[in-house]
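>>> Need the 3D shape of this:
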Amino acid sequence: MIVGLGEALWDVFPDRECFGGAPANFACMASELGGDRAEVHMVTGVGDDDRGRRALAALHERRVRTSCVKTTGHPTGHVDVTLDDHGRPDYAIAADAAWDHVPWAEGVAELARRTDLVCFGTLGQRASESRETVRAFVGSTPPSAFRILDVNLRLPHDDREVVLESLTRANVLKLSDEELPLISAWCGVEGEPVEALAELARRHDLVAVALTRGSDGALLIRAGEVSDCAGVAVDVVDTVGAGDAFTAAFALGLLTGNDLEAVNRRACEVAAYVCTQSGATPALPTVI
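Model (predicted):
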């Protein structure tokens, strides 16, 4: 039982709109990768509008269950996305969206009690109502559950207190090489990446930590074991959703208890493929 918890929105490019939001991307890719082994749910909010209806359709298309997607009185979220010459995105996130107003309800609580792995971030906690729901959900999962904090900082919502509070609730951390210096400073951690990740794991009682490094691959740490995987060379169309695809593959590796090196290699391959496609949640070929 896998849950994406947080924002669902539309990435608005100059020429198209693509369904997105880090937890929603994660849920779609976890469903794609998990197949019949995984029951994947999304907990978020959408508006009673065309984008909301299309968001639900996009989740259904990827076999993501939507019983805990709440229709609110606010518009479905969207983000204006611009890409630089290397396909790297810049985001302008619409304020006061439906995903800011996800209520805590019995159906959501019941799902939390059955969850084996939940992925949540910090952007989905920018507003008080959804922040309380995220915290309640994560706190209601079984002790055996994996609780992945995907930091996913987005200006101006890079809130130190939200990150530190979320670390107290997580037992797995995923962050990028751009986020590591800031998170390390906030946590008072020093050293090279491997040492910093190990210290973050020790201080916050994390069972695993993942550091993505774009084209340079990723570092994983689990129970003192370290995997350093080089990047996969591809022709990049855009990098939107690549980190979320990595997190989905990483999550499935945690659930299956696979060899750490194999988990890292698979996650890097999946993320690299997403970079060759337009949009955050492309269908994956069976050869990956």
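>>> Nearest residue to residue 17 in space, please, no chain neighbours.
residue 10 (4.8 Å; CB to CB, 6 or more residues apart in numbering). For the C-beta atoms, the positions are set from N, CA and C on the backbone; glycine is no exception.
>>> list the buried ones in stretch 250-270?
250-255, 260, 263-270 (16 or more other CB atoms under 10 Å).
>>> Which strands or helices does the helix-or-strand element of the chain with minimal mean pLDDT pack on?
Counting by mean pLDDT, DSSP states H and E, the chain has its least confident helix or strand at strand 89-93, which shows a mean of 84. Packing partners of strand 89-93 (3 or more CB pairs under 8 Å, 6 or more residues apart in numbering; DSSP states H and E): strand 77-83.
>>> partners of the strand it packs on, with directions?
Taking DSSP bridges as the criterion, strand 77-83 sits next to strand 9-13 (parallel), strand 89-93 (antiparallel) in its sheet.
>>> Report the buried residues of the next helix-or-strand element following the first one.
If I follow you right, that is strand 9-13. Using DSSP states H and E, the helix or strand that follows strand 9-13 towards the C-terminus is strand 16-20. By 16+ other CB under 10 Å, the buried positions in strand 16-20 come out as 17-20.
>>> Give the rounded mean pLDDT of whichever helix or strand comes after strand 16-20.
As assigned by DSSP H and E, the chain's next helix or strand after strand 16-20 is helix 22-34. The average pLDDT within helix 22-34 is 96.
>>> and the gap between the residue sitting furthest away from the middle of the chain and residue 170?
Note on the chain: the largest C-alpha distance from the chain mean falls to residue 191, namely 25.8 Å (CA atoms, centre = their mean). Noted for residue 191: a distance of 21 Å to residue 170, by CB to CB, to the nearest Å.
>>> could you point out where this structure is predicted with low confidence?
286-288 (pLDDT under 70).
>>> quick one, helices of it?
When secondary structure is read from DSSP state H, the chain shows helices at 22-34, 50-61, 106-113, 128-140, 160-169, 180-187, 193-204, 242-256, 260-275.
>>> Would you convert those helices into JSON lines that also reports distance to residue 5?
JSON lines is the format used below for the helices of the chain (distance: least, CB to CB, whole Å):
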{"stretch": "helix 22-34", "distance to residue 5": "6"}
{"stretch": "helix 50-61", "distance to residue 5": "14"}
{"stretch": "helix 106-113", "distance to residue 5": "9"}
{"stretch": "helix 128-140", "distance to residue 5": "6"}
{"stretch": "helix 160-169", "distance to residue 5": "11"}
{"stretch": "helix 180-187", "distance to residue 5": "20"}
{"stretch": "helix 193-204", "distance to residue 5": "19"}
{"stretch": "helix 242-256", "distance to residue 5": "13"}
{"stretch": "helix 260-275", "distance to residue 5": "20"}
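>>> ranking those helices by burial, who's on top?
Of these, the one with the most neighbours on average (mean count of other CB atoms under 10 Å) is helix 22-34, at a mean of 28.
>>> tell me which strands and helices it is in contact with?
Against helix 22-34 (3+ CB pairs under 8 Å, 6+ apart) you get strand 2-5, strand 40-47, helix 50-61, strand 117-121, strand 146-150, helix 242-256, helix 260-275.
>>> Taking helix 50-61 as reference, get the angle to it.
Angle of helix 22-34 versus helix 50-61, following axes from the mean of the first three to the mean of the last three CA atoms, to 10 degrees, is 20 degrees.
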